[in-house]
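1. what follows is a predicted structure for the sequence shown.
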Amino acid sequence: MNKLWWFTLGLLLVASQAAPSEYCSAYCFTCSGSTAADCILCPTGFNKVSGSCAIDTTAYTSVLETGSSTSTFSDQKAFNCGDFPGLPGMYSDDYVVQVASLTNIAPHYSMRARIFILWVDTWAATNLVQLIVDNTMRASATYSQANGTTDQCKRALTDPSSLLDTGDFAHNTAVAVAMVNISACLDTTKCNWGMKDFILIVKACHSYCSVCTTSLQIDCSACVSPYLLTGTTCNTTCGVGYYNSSATTCTICSTGCSACAVSASNCSACTASYYLLTGTSCVSTCPAGTYINGSLCSSCLTGCATCTNNPTPCQSCTTSYFLTASTCATSCPAGTFGNTATNTCDTCNSACTACTNTATNCTACSSGYALISSTYSCVTSCPASNYNSSGVCTTCSSSCATCTGNPSPCQSCNSGSFLSGTTCVASCPTGTFGNTATKTCDNCDPSCTTCTNTALNCSGCASGYALFSSNFTCLASCPFGYYNSSGTCATCNGSCATCTSNPSPCQSCNSGWFLTASTCATTCPLGTFANSATKTCDSCNGICTACSGTAVNCSACISSYLLFSSNYTCLNSCPAGFYNSSGTCATCNGSCATCTGSPSPCQSCNTGWFLSGITCVTTCPALKFANSLNNKCDPCDTACLACNGTSSNCSSCITAFALVPYNFTCVLNCPTGWWEKTSINSCI
C-alpha cells in the first residue's frame with residue numbers, strides 16, 4: 001500500500017465543519033475536520049494524501065520517518081491578519097528561519113519540500129524568499145507591492161508567488177535541514193511574515209533497499225540487513241552468478257561462473273560453454289594439462305599438456321615429457337628421441353637405432369653403420385683416424401690416419417708417418433722408403449738396399465750393383481765416365497768414358513780420346529788406328545804396319561806386302577795398272593794394265609792397248625796381231641806375214657805361201673780351183 005510521508009508545520013485550528021478554501025492547506029479547495037490539513041477536495045493534478053494535496057502522489061512510496069523533529073521556529077503563535085483572525089501558521093521578524101531539522105530519514109532516493117509564505121506589513125518592491133534544503137537553494141519567489149497594498153493576508157493565501165515548491169530533487173541521506181531566507185525588507189519594524197503548511201515528501205526505496213534510484217526492488221544500490229544486493233536488486237539470497245561478498249552485497253562471479261563463493265573467481269559451477277577448472281574457476285577453453293569432461297576441465301595424465309580423455313590419448317606433453325603412441329613418457333622408445341621443441345618422440349634417422357635431441361644426434365647405429373661419438377652421427381665408414389670397433393668409430397693410434405684397431409693394425413698414416421705393414425712409423429725400415437704421397441713405406445727397387453722418397457732414389461745398393469750418386473740409382477754397371485769403386489760409381493779420368501779405376505785403367509774413352517792399353521790417348525800407337533765409332537785404338541790388319549780409320553785402311557805394310565794407296569790396302573802384289581815402287585803400288589803408264597815401272601816396262605795393257613815387248617801400243621808390229629783376249633801383240637802363224645784377231649787369221653802371207661781368202665789361212669798350195677797369184681801371195 002502506497003503511503004505519503006509528509007510534515008505540516010504551524011498552528012492548526014480546530015473545526016468540525018467544512019472550512020473555506022482560504023483556510024485550507026495549500027492547493028486544497030475544501031477541508032474539514034478539526035484541522036485545516038484535513039483536505040476534502042484537491043484541484044486537478046493533485047491527489048489527496050493523508051488530508052493534504054500533493055502532486056503526483058502515485059509516484060511516491062509510503063515511508064515512516066522515525067525520530068524526526070518538528071518545527072524549530074523561535075516564536076510560535078497565532079496572529080491576526082486583516083479580517084482573518086487566527087490564521088494558522090507562524091510569523092517571525094527574523095530573516096532566516098530554520099523550518100525543520102530531520103534525522104533518521106528512512107531510505108529514499110528523492111525529496112520534495114513545500115511551504116506557504118504569508119506576507120505582512122510593508123515590503124520592498126521586490127523581495128526574495130528562498131527555500132533552502134541542506135544548504136542548497138531548492139525553490140525561490142519574489143513578492144512585490146505591485147500586487148496590491150490592501151488585504152495582504154488574504155491575498156497572500158491566493159498569490160501563487162507565496163507558495164514555494166522545490167519539486168522532486170535527488171536526496172538519499174538520512175538527515176535533512178530546511179530553512180527559509182527572506183531579504184529586502186523596507187521597514188525592519190514592520191516586516192513581519194508568516195508561513196504555514198510546510199510539507200516534506202520523500203520517495204521511499206523498496207523496503208529491502210537502503211540506497212536506491214527508484215522505488216523498485218530492482219533499482220537498489222545497497223540493501224538493508226539481512227537483504228543482499230545482487231546487481232541492483234535486493235533479495236534474501238544472492239542471485240545466480242553472484243556470491244555474498246559482504247553482509248549486504250552480492251558481487252557478480254567471474255565471467256562464465258554460474259555459482260561462486262568467497263571470491264568472484266572461486267567458482268563451483270559454470271554457465272553454458274564454460275567448464276569448471278579444478279573446482280575454482282570457469283574457463284571457455286580447458287587449459288593445457290586438462291580436457292573437457294562434461295562441464296568440468298579434468299586433469300590429463302601426468303605429463304600430458306593436452307588430451308582428449310583420461311587416461312589416453314594425450315595430444316601433447318609438458319616439459320620433460322614426450323608424446324609417443326598417444327602417451328606422454330619421460331623417455332622415448334628405441335629408435336626415437338625426445339624433441340624438446342615439440343615434446344614429442346620423433347623418429348631417429350634411418351641410420352640410427354637410438355638418438356637424442358635431434359634425429360641425427362645418434363647414440364647407436366643400424367647395421368652397416370658406425371657411430372662417431374664426437375658428432376653423434378652414423379656413417380657407413382669411419383672418418384680418417386678412426387676404425388669401426390663393434391659399431392663405434394674409435395680413434396686410431398695418433399700416427400694412424402685409418403686403421404682397423406688400436407694401436408694397430410693401421411691402414412694409412414697421418415702426415416709425418418708412414419705405413420710399414422700395419423704400423424705407422426716415423427722412419428721406414430731398411431729396404432723401404434717413406435712415400436709422402438701415399439704415406440706408406442714402399443719397397444726400394446731390388447737394386448737398392450736403402451732409398452729415400454722414391455724406389456729408385458737409392459742410398460745403398462744390392463750386391464752386384466753400384467750406386468750412381470748423380471741420380472741416386474743402383475746400376476749393374478756404372479755409366480760412361482764412372483767406375484765401380486767399392487759399390488759406388490766413382491768418376492773416371494776425364495779422358496775415360498768408362499773405367500775400372502782412376503786415373504786408369506780406362507775401359508772406353510770420351511770423344512776425341514781412344515783406348516789403348518787401358519789408357520785413353522788422343523793418338524793411337526803404331527800398328528793401331530783411332531776407331532771413332534768405338535773410341536778405341538784398334539789393331540791394323542795383320543799385313544799393315546800402320547793404318548787409319550779402319551784396320552784395312554793401311555798407310556804402311558809389312559815386309560813382302562805392297563801398299564796400295566788408292567784404297568790403303570796392303571797387297572801381295574800391286575793390282576793391274578800399278579807397280580811396286582819401293583813397297584808402294586805406283587800407277588803404271590796409262591796404257592799399261594800392269595807394269596814394273598813407269599812409263600815402262602809394261603807387263604800387260606789396258607783394253608785397246610796391246611803389249612809389244614815392254615810397251616803397250618795400239619797397233620802391233622808386223623808378223624803380230626792385237627790379241628783382244630790378252631791385250632798382247634801375239635805372233636801370227638809362221639806362214640802369215642800379217643794376221644787379225646787370231647794367229648791363224650792371216651791377212652797376208654810370207655813368200656812361198658798364198659792366202660786362202662775364204663778362211664784366211666796361208667798355204668803352200670792353193671786349194672783346188674784356186675791358183676796362186678804370186679804378186680800378192682794370194683789364192684784367187
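-> All right, it came through fine. Worth saying up front: this structure is predicted, and the values here are computed from it rather than measured.

2. tell me the domain ranges of this protein?
-> With automatic domain parsing as the criterion, the domains of the chain are listed as 21-204, 223-379, 386-443, 592-683.

3. among those, which is nearest Thr498?
-> Among the domains of the chain, the nearest to Thr498 by C-beta to C-beta is domain 386-443 (29.3 Å). Glycine gets a C-beta too; all of them are placed from N, C-alpha and C.

4. for that closest one, how far is the first residue from the last?
-> Using C-alpha to C-alpha, to the nearest Å, one end of domain 386-443 lies 26 Å from the other.

5. before we move on, the earlier item: lowest-confidence stretch among the domains of the chain?
-> Mean pLDDT values for these show the minimum at domain 21-204, a mean of 62.

6. for Ala305, what are its contacts?
-> Contacts for Ala305 (C-beta atoms under 8 Å, 6 or more residues apart in numbering) come out as 288-289, 314-318, 321, 328, 343.

7. as CSV, those residues with secondary structure and distance to Thr488 would be great.
-> Listed next are the contacts of Ala305 as CSV, based on DSSP: H, G, I helix; E, B strand; the rest coil; distance: C-beta to C-beta, whole Å:
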residue, secondary structure, distance to Thr488
Ala288, coil, 90
Gly289, coil, 92
Cys314, strand, 87
Gln315, strand, 89
Ser316, strand, 85
Cys317, strand, 83
Thr318, coil, 85
Tyr321, coil, 82
Cys328, strand, 84
Asn343, coil, 80
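
8. which one of those residues is nearest Trp513?
-> Closest approach between these and Trp513, by C-beta to C-beta: Asn343, at 97.3 Å.

9. skipping its backbone neighbours, what lies nearest the closest one in space?
-> Of all residues not flanking Asn343 in the chain, Cys317 sits nearest, at 4.2 Å (C-beta to C-beta, 6 or more residues apart in numbering).

10. from Cys499, how far out is the one you found?
-> Using C-beta to C-beta, to the nearest Å, one obtains 95 Å as the distance from Cys317 to Cys499.

11. same question for Ala334.
-> Distance, Ala334 to Cys499, by C-beta to C-beta: 82 Å.

12. more neighbours: these two, which one.
-> Using other C-beta atoms under 10 Å, the more surrounded residue of Ala334 and Cys499 is Cys499, with 29 against 10.

13. once you drop chain neighbours, what's closest to the more buried one?
-> Once flanking residues are discounted, Cys499 sits nearest to Cys492: 3.7 Å by C-beta to C-beta, 6+ apart.

14. for the one you found, phi and psi?
-> phi -70, psi 170 (degrees, to the nearest 10).

15. hang on, it packs against Asn484?
-> No - between Cys492 and Asn484 there is no contact, the gap being 10.9 Å when judged by C-beta atoms under 8 Å.

16. tell me which of the two has more neighbours.
-> The neighbour count for Cys492 versus Asn484, taken as other C-beta under 10 Å, is higher for Cys492 (28 against 21).

17. pLDDT value on that one, please?
-> For Cys492, the model assigns a pLDDT of 80.

18. what helix or strand does the closest residue to Cys428 other than its chain neighbours sit in?
-> Spatially, and ignoring its direct neighbours in sequence, Cys428 is nearest to Cys441 (3.7 Å; C-beta to C-beta, 6+ apart). According to DSSP states H and E, Cys441 maps onto strand 440-443.

19. pull up the distance across stretch 391-399, start to finish.
-> End residues of stretch 391-399 are separated by 22 Å (C-alpha to C-alpha).

20. hmm, I typed the wrong one, I wanted stretch 276-292.
-> Stretch 276-292 has an end-to-end distance of 9 Å (criterion: C-alpha to C-alpha).

21. ditto for stretch 261-275
-> End-to-end distance for stretch 261-275, by C-alpha to C-alpha: 17 Å.

22. mind listing what Thr251 touches?
-> Residues in contact with Thr251, defined by C-beta under 8 Å, 6+ apart, are 242-243, 245, 264.

23. helices - which of these land there?
-> Secondary structure from DSSP state H places none of the contacts of Thr251 in helices.

24. and stretch 276-290, what's buried?
-> For stretch 276-290, a neighbour-count test (16 or more other C-beta atoms under 10 Å) marks 276-277, 280-283, 286, 289-290 as buried.

25. which one of the residues you listed sits closest to Asp634?
-> Relative to Asp634, the closest of those is Gly289; by C-beta to C-beta it sits at 155.2 Å.

26. surely that closest one meets Thr319?
-> No - using C-beta under 8 Å, Gly289 is not in contact with Thr319; the gap is 11.3 Å.

27. and Pro635, bridged to which residues?
-> Lys624 (DSSP bridges).

28. dump the residue contacts of it.
-> So Pro635 contacts 623-624, 647 (C-beta under 8 Å, 6+ apart).

29. now do it against Thr380, distance only.
-> Taken as C-beta to C-beta, the span from Pro635 to Thr380 is 118 Å.

30. if we ignore the residues flanking it in sequence, what's nearest Val660?
-> Once flanking residues are discounted, Val660 sits nearest to Cys683: 5.2 Å by C-beta to C-beta, 6+ apart.

31. now the one you found: how far from Ser648?
-> Taken as C-beta to C-beta, the span from Cys683 to Ser648 is 16 Å.

32. how close does Ala104 get to Leu623?
-> That one is not Ala; residue 104 is Asn. Asn104 is 216 Å from Leu623, by C-beta to C-beta.

33. so between the two, which is more surrounded?
-> Just comparing Asn104 and Leu623: by other C-beta under 10 Å the higher neighbour count belongs to Leu623, 16 against 10.

34. about what we covered before: any chance of the contacts of Ala305 in CSV, plus distance to Trp674?
-> As requested, those are exported to CSV (distance: C-beta to C-beta, whole Å):
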residue, distance to Trp674
Ala288, 169
Gly289, 172
Cys314, 164
Gln315, 163
Ser316, 163
Cys317, 163
Thr318, 167
Tyr321, 164
Cys328, 164
Asn343, 160
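
35. now, among these, which is nearest to Cys428?
-> Distances from Cys428 to the contacts of Ala305, taken by C-beta to C-beta, are shortest for Asn343, at 58.6 Å.

36. share the number of residues neighbouring Tyr242, please.
-> Using other C-beta under 10 Å, Tyr242 has 23 other residues around it.

37. beta partners of it?
-> Beta bridges link Tyr242 to Ile252, judged by DSSP bridges.

38. show me what contacts it?
-> 230-231, 250-253, 260.

39. and Cys585, what element?
-> Going by DSSP H and E, Cys585 is part of strand 585-587.

40. tell me what that strand is packed against?
-> Applying 3 or more C-beta pairs under 8 Å, 6 or more residues apart in numbering; DSSP states H and E, one finds that strand 585-587 makes contact with strand 562-564, strand 578-580.

41. who touches the first one?
-> Counting by C-beta under 8 Å, 6+ apart, strand 562-564 makes contact with 554-557, 569-575, 578, 580, 583-585, all of which sit outside it.
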